[in-house]
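# Give me the fold of what follows.
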Amino acid sequence: MNCLDKTPGRNVWHNFRETQLTHQTSYLARLNYTHGNAVHHGLVAVAKDYPWCSAAWFEETTSAAMVKSIRRFKTDKVKVEDCFDVDPDW
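Take a look at the predicted model:
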């Protein structure tokens, strides 16, 4: 990408982790995890209020039944390195 954009030395994939998901339920659990991460860390009370997450878009463009279904997927077995510390000034 750097060669195409003529930007040598740019770090394109900061903190990127690749995981091959083999089951639809794994994908849906991770989608739920991603949308709920800002709530989990206390940044917002409701996921759609976090401006850097797709949760608001997802709720606006997906049926209420699908949103409710995604929220039911358990995330306790999702193993994602998450050593994020919230800035106290947030």
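# tell me the contacts of the residue nearest to the spatial centre of the chain?
Taking C-alpha atoms, centre = their mean, the centroid of the chain lies closest to Thr34, which sits 2.6 Å from it. Shown in contact with Thr34 (C-beta atoms under 8 Å, 6 or more residues apart in numbering): 53-54. Bear in mind the C-beta positions are built from the backbone N, C-alpha and C, glycine included.
# Regarding it, what is its secondary structure?
Per DSSP: H, G, I helix; E, B strand; the rest coil, the local secondary structure of Thr34 is helix.
# Tell me where this protein has helices.
2-5, 24-40, 55-61, 64-71 (DSSP state H).
# Output the ones you listed as a markdown table; include the columns mean pLDDT and distance to Lys48.
Below are the helices of the chain laid out as a markdown table (pLDDT from 0 to 100; distance: least, C-beta to C-beta, whole Å):
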| stretch | mean pLDDT | distance to Lys48 |
| --- | --- | --- |
| helix 2-5 | 81 | 32 |
| helix 24-40 | 89 | 8 |
| helix 55-61 | 95 | 4 |
| helix 64-71 | 93 | 10 |
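# now, of those helices, which is deepest in the fold?
Greatest average neighbour count among those goes to helix 24-40 (a mean of 17), per mean count of other C-beta atoms under 10 Å.
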